[in-house]
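Asker: Using only what follows, build the 3D model:
(chains A, B, C and D)
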2 protein chains.
Amino acid sequence: MKYSKQREMIHNCVKDNPCHLTADAIYEMLKKDHPNLSLGTVYRNLSQLADHDMIRKVSIPGYPDRFDGTLEEHFHFICLECGDVKDLFIPELFGIDAVVEQATGVDVSKCEMTFKGVCEQCKMKKVT
Amino acid sequence: MKYSKQREMIHNCVKDNPCHLTADAIYEMLKKDHPNLSLGTVYRNLSQLADHDMIRKVSIPGYPDRFDGTLEEHFHFICLECGDVKDLFIPELFGIDAVVEQATGVDVSKCEMTFKGVCEQCKMKKVT
DNA sequence: AACTATAATAATAATGATTACTGGTTGTAT
DNA sequence: ATACAACCAGTAATCATTATTATTATAGTT
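Answerer: All right, here's what the predicted structure looks like:
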């Protein structure tokens, strides 16, 4: 895959921000320094980077897609109070694809898992 | 929750069809016998039924939402070839919410897990 | 039975995320 | 130098879903 200036820019933005940015947030960030960047370009490059496994697309039902520079196997949690997305590294879930394949006979190519709930910070706030 | 004719109709449709219908498919089915049913009514009633845990909403990134009358804990698999959605009962995953809560300190209220891949039938077809 | 309040409905408009299209520009290879 | 592909910005289109609005049914009350 070619590596245009825009593509590199977008890739770096995702890698440098561990906070699971949305396409729109990335666009807004980069637009400051590159006013003639277009949202379509951001979407297209994010898709292509994800297709080539250089970043990960994180789809959370009910929210816009987010993009994640962390490539290791992990899952996500979204706080319904503050909207924050956190990475979850759950050893119990490693290799779950193989378990499903053996149990059912299908080929698993992808697994998306999202937990929704309330994060520690927001739990605290609720008490006080 | 009240139980209007339309709501009952929609609820039954989901319960009687274990194939994870979309809102639109439900609408098309019911419209045959009830020509002045509206799609908005279908959407609203499905949401309310799901809010009251009488049916389950199944969100699969990239596909329209589907609705499931099976309430027991289970997950879903979608075949990328034929689009079929299958229920997965994976004992290894029962109680996974509690594992996440203990590992991270968050409160988990909901967990959505979807596997994507190729089903057995489509695997066969590919070989031949 | 008439009156009122409440909730559900049909139809349609609006929204919001994402994708597709267009025409122009740049880069690369023959 | 020219042909061809990849890329870009800008914008239009799409699609699922939600919100709105005006209307109709239902239930309770006098």
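
Asker: quick one, what contacts the closest residue to DNA strand C within chain A?
Answerer: Closest to DNA strand C within chain A is residue A:65: 3.1 Å, counting by CB to the nearest atom of the strand. (Each C-beta comes from the backbone N, C-alpha and C, glycine too.) Residues near residue A:65 by CB atoms under 8 Å, 6 or more residues apart in numbering or on different chains: A:22-23, A:57-59, B:61.

Asker: give me that answer again for 10 Å
Answerer: Applying CB atoms under 10 Å, 6 or more residues apart in numbering or on different chains, we find residue A:65 in contact with A:20, A:22-24, A:43, A:46-47, A:50, A:57-59, B:61-62.

Asker: Which one of these is nearest to residue B:104?
Answerer: Distance from residue B:104 was checked for each of the contacts of residue A:65 by CB to CB. The minimum falls on residue A:20, at 15.8 Å.

Asker: what's the burial count for that closest one?
Answerer: Residue A:20 sits with 22 neighbouring residues when counted by other CB atoms under 10 Å in any protein chain shown.

Asker: what's the spacing between it and DNA strand D?
Answerer: 22 Å (CB to the nearest atom of the strand, to the nearest Å).

Asker: Equivalent analysis for residue A:108, please.
Answerer: As defined by CB to the nearest atom of the strand, residue A:108 lies at a distance of 23 Å from DNA strand D.

Asker: So which elements touch the helix or strand bottoming out on mean pLDDT in chain A?
Answerer: Taking all helices and strands of chain A together, the one with the lowest average confidence (mean pLDDT, DSSP states H and E) is helix A:120-127, at a mean of 87. Counting contacts by 3 or more CB pairs under 10 Å, 6 or more residues apart in numbering or on different chains; DSSP states H and E, helix A:120-127 is packed against strand A:75-79, strand A:107-118, strand B:107-118.
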